[in-house]
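Novice: Below is the sequence, then the predicted model.
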Amino acid sequence: MARPGSPGPLWGAAGKAGYALSCIAAALVLAISGFSYFVVKDVSEIGGSNAIVSGPSVGAQNILIMGLESRTDYDGNILPADLLAAMHACSVQGVENGCGGQDTNTLILIHIFADGRSAVGFSIPRDDWVTFPKAYDGQTQGKIDQAYNDAWAQSLNQTANSTMSRSQRYLLANEAGQAATVATVEQFTGVHIDHFAEMNLEGFYELAKVLGGVEVCLNHPVRYDPYSGFYAHHAGYQHLNAAMALAFVRQRHGLPNGDLDRTKRQQAVIDSVIHQLRSEGVLSDLTKLDALLSVARTYVITDSGWNLLQFIGGMRGLSISHIKFYTLQPAGFITIDGQDANQVNVPQTQQIVHDTFYPSPASAARPTPPGTANPGDTTVDVYNGGQTAGLAAEVSAALVKAGYKAGKVANAASPLTATEVLYGTGASASAAKIASYFGVSAASGASVAAGHVEVLLGASATMPDIPPAGASAQAAPSGSAAASPASSHQGEPVTAKNGIPCVN
């Protein structure tokens with residue numbers, strides 16, 4: 001099932017650099033709520049896809065945001081060389097030779113609650129290994145991000161000898177990719193999708209230019225990453241121009257948690273853009289508003305049955321403080337046909353999404369998704385089944401610093417060949433996080449007490465990198481910078497402001 005040119009391992013080994021493109025699209029979908037009557041025509045021209053049957057445009061609804069990896073435009077034409085160079089996205093020759101593709105490197109599933117005043121979203125890691133609802137280009141399983149590309153390529157192959165125009169063939173190919181992605185996410189999460197919004201690489205760059213860049217906050221300085229072109233000399237808040245903003249959301253190499261850290265960056269940029277749109281007069285600046293809508297008409301694709309004017313009217317009460325983003329954490333990490341991928345627990349994923357999108361009426365407040373459980377609710381017992389003296393105590397101490405409760409620390413009853421992480425009732429999310437430190441999958445333990453996690457250290461176990469609570473792992477290895485990053489001011493204390501969180 002491996003594909004030529006498929007992405008590299010999750011934690012940043014060699015392979016094509018991925019990136020996130022749906023940040024601005026998500027912000028547009030959630031935040032453009034101040035239009036006057038004279039932009040009605042502009043808004044109504046956004047859309048155009050017949051890939052799915054649309055749901056309601058007001059009230060409760062589920063929206064899938066797609067960020068397309070493409071180094072081409074929607075008609076399949078390779079982007080100009082200077083644009084590819086500015087975005088660190090291969091060369092024209094590289095794209096002709098297969099660099100990049102049509103994968104959805106960003107997938108964010110958003111639920112708008114019926115009151116139109118609050119929303120919650122889940123980022124779906126691109127490397128999640130799933131079963132497709134049907135075969136796409138001969139593939140029945142693969143990473144969730146490849147559904148679009150496989151269906152897109154299959155459609156183009158099917159129309160290769162037709163009399164259709166180039167634009168019509170690529171329109172059908174994109175609709176096939178959109179339909180495949182929606183169907184795959186629906187099957188994976190167990191919820192119906194009413195609408196989708198898609199943006200490609202070029203669209204993010206152009207829209208970021210209209211906005212004048214974005215404000216971000218970093219926990220640490222970031223060394224130069226040659227794959228994306230991103231770096232930052234200092235921690236704290238800084239304003240990135242369009243090129244650096246794109247590099248910021250594209251970087252995955254060198255980040256402590258790979259794609260999971262990149263997902264946090266995507267979410268942070270959405271928060272930043274929403275703040276700009278709502279608080280910095282972008283929507284009242286007619287020049288910027290016209291440019292914003294022009295880019296949206298060109299680069300944002302939505303399902304044709306989505307009445308954006310009705311949707312926008314229903315979102316007037318939505319504020320940044322009422323939008324929460326989470327990440328669906330993988331259950332573990334696996335290698336399939338030479339590809340590093342995320343192992344997923346589909347029933348658990350579906351339960352998390354359903355409980356978050358449709359909380360019980362008896363709940364006093366919207367529940368915290370199990371996938372983002374508080375470490376303070378979990379007690380961790382560590383048993384040493386290897387030969388490294390004191391390792392169990394060292395691991396336990398690090399987990400306590402990370403916010404978990406200290407449990408038993410002892411030697412295992414017998415030697416263990418491999419490290420295992422077991423969990424009791426209510427501790428599956430914490431177990432998945434802890435297991436990720438050791439590169440293994442967590443499993444339910446029949447004898448493990450409720451709220452507890454057992455770490456059984458195997459013969460080859462070593463001390464992993466466990467970031468303490470409120471901090472992150474160290475920045476990526478050093479490198480050289482080609483030019484100064486675009487920054488409008490020095491970093492401030494690393495705390496969230498204006499709803500924009502600090503990230504790695």
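Specialist: That came through, no problem.

Novice: buried sites along whichever strand or helix holds residue 172?
Specialist: In the assignment (DSSP states H and E), residue 172 maps to helix 166-189. Neighbour-count burial for helix 166-189, counted by 16 or more other Cβ atoms under 10 Å, picks out 169-186, 188-189. Glycine gets a C-beta too; all of them are placed from N, C-alpha and C.

Novice: distance between it and the chain's centre?
Specialist: Centre-to-centre, helix 166-189 and its host chain are 19 Å apart (Cα atoms, centre = their mean, to the nearest Å).

Novice: again with stretch 294-311
Specialist: Centre-to-centre, stretch 294-311 and its host chain are 22 Å apart (Cα atoms, centre = their mean).

Novice: buried ones in that stretch?
Specialist: 295-296, 298-303, 305-308, 311.

Novice: next one: stretch 187-197
Specialist: Result for stretch 187-197 [16+ other Cβ under 10 Å]: buried residues 188, 189, 190, 191, 193, 194, 195, 196, 197.

Novice: What is the end-to-end distance of it?
Specialist: Using Cα to Cα, to the nearest Å, one end of stretch 187-197 lies 19 Å from the other.

Novice: For residue 109, grab phi and psi.
Specialist: phi -100, psi 120 (degrees, to the nearest 10).

Novice: Helices of this structure, start to end?
Specialist: Assigned by DSSP state H, the chain shows helices spanning 23-31, 40-44, 81-86, 92-96, 146-158, 166-189, 201-211, 242-250, 259-279, 286-299, 308-314, 346-357, 391-401, 428-438.

Novice: Now mean pLDDT and distance to residue 333 too, for those, in a markdown table please.
Specialist: Output for the helices of the chain, formatted as a markdown table (pLDDT from 0 to 100; distance: least, Cβ to Cβ, whole Å):
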| stretch | mean pLDDT | distance to residue 333 |
| --- | --- | --- |
| helix 23-31 | 42 | 26 |
| helix 40-44 | 49 | 43 |
| helix 81-86 | 79 | 31 |
| helix 92-96 | 82 | 29 |
| helix 146-158 | 94 | 18 |
| helix 166-189 | 94 | 17 |
| helix 201-211 | 78 | 27 |
| helix 242-250 | 83 | 22 |
| helix 259-279 | 74 | 11 |
| helix 286-299 | 73 | 34 |
| helix 308-314 | 75 | 38 |
| helix 346-357 | 90 | 16 |
| helix 391-401 | 90 | 19 |
| helix 428-438 | 85 | 7 |
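
Novice: and residue 126, what are its phi and psi?
Specialist: phi -70, psi -20.

Novice: In terms of residue numbering, what are the domains of the protein?
Specialist: Per automatic domain parsing, the structural domains of the chain span 23-212+300-357, 373-457.

Novice: quick one on the thing from earlier: does anything pack onto the helix holding residue 172? Which helices or strands?
Specialist: Where contact means 3 or more Cβ pairs under 8 Å, 6 or more residues apart in numbering; DSSP states H and E, helix 166-189 is packed against strand 61-68, strand 104-112, strand 129-136, helix 146-158, strand 195-199, helix 346-357.

Novice: okay, the ones you listed in CSV with distance to residue 78 next?
Specialist: Output for the helices and strands packed on helix 166-189, formatted as CSV (distance: least, Cβ to Cβ, whole Å):
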stretch, distance to residue 78
strand 61-68, 15
strand 104-112, 18
strand 129-136, 24
helix 146-158, 15
strand 195-199, 18
helix 346-357, 36
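
Novice: Quick one, which of the ones you listed gets closest to residue 288.
Specialist: strand 195-199 (18.1 Å; Cβ to Cβ).

Novice: which neighbours does that closest one have in its sheet, and in what orientation?
Specialist: Applying DSSP bridges, strand 195-199 is found paired with strand 61-68 (parallel), strand 300-302 (antiparallel).

Novice: ok, residue 133 touching residue 182?
Specialist: No - with contact defined as Cβ atoms under 8 Å, residue 133 does not count as touching residue 182 (9.8 Å).

Novice: and the nearest residue to residue 99 once chain neighbours are set aside, how many residues sit next to it?
Specialist: In this structure, residue 99 finds its nearest non-sequential neighbour in residue 90, 3.7 Å apart by Cβ to Cβ, 6 or more residues apart in numbering. Neighbour count of residue 90, defined by other Cβ atoms under 10 Å: 20.

Novice: What spatial separation is found between residue 90 and residue 416?
Specialist: To residue 416, residue 90 is 45 Å away according to Cβ to Cβ, to the nearest Å.

Novice: And residue 253, how far from residue 77?
Specialist: When residue 253 is compared with residue 77 (using Cβ to Cβ), they lie 28 Å apart.

Novice: An error on my part: the question was meant for residue 411.
Specialist: Taken as Cβ to Cβ, the span from residue 411 to residue 77 is 64 Å.

Novice: which of these two has more neighbours?
Specialist: Ranked by neighbour count (other Cβ under 10 Å), residue 411 and residue 77 place residue 411 first, with 13 against 10.

Novice: Am I right that the more buried one is in contact with residue 392?
Specialist: Yes - Residue 411 is within contact range of residue 392, at 7.3 Å (criterion: Cβ under 8 Å).

Novice: which residues are in contact with both of those two?
Specialist: Common contact partners of residue 411 and residue 392 (Cβ atoms under 8 Å, 6 or more residues apart in numbering): 383, 384.

Novice: can you put the domains of the chain in CSV and add distance to residue 469?
Specialist: Below are the domains of the chain laid out as CSV (distance: least, Cβ to Cβ, whole Å):
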stretch, distance to residue 469
domain 23-212+300-357, 17
domain 373-457, 4
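
Novice: closest to residue 239 out of the ones you listed?
Specialist: Closest among the domains of the chain, using Cβ to Cβ: domain 23-212+300-357, at 8.2 Å.

Novice: The closest one: how far from the chain's middle?
Specialist: On Cα atoms, centre = their mean, the centre of domain 23-212+300-357 falls 11 Å from that of its chain.

Novice: any idea how far the residue sitting nearest the centre point of the chain lies from residue 501?
Specialist: For the chain, residue 263 is the residue whose C-alpha lies nearest the centre (Cα atoms, centre = their mean; 3.7 Å). Here residue 263 is placed at a distance of 12 Å from residue 501 (Cβ to Cβ).

Novice: again, but for residue 468
Specialist: Going from residue 468 to residue 501 by Cβ to Cβ gives 18 Å.

Novice: Residue 225 touches residue 253, doesn't it?
Specialist: Yes - when contacts are counted by Cβ under 8 Å, residue 225 is listed as touching residue 253 (5.6 Å).

Novice: if we can go back for a sec, neighbour count for residue 468 and residue 501, which is higher?
Specialist: residue 501 (17 against 13).

Novice: just checking, that one touches residue 216?
Specialist: No - Residue 501 is beyond contact range of residue 216, at 9.5 Å (criterion: Cβ under 8 Å).

Novice: Next up, the contacts around residue 287.
Specialist: Applying Cβ under 8 Å, 6+ apart, no residues contact residue 287.

Novice: what does residue 396 give?
Specialist: Neighbours of residue 396 in contact, by Cβ under 8 Å, 6+ apart: 380, 382, 406, 407, 409.
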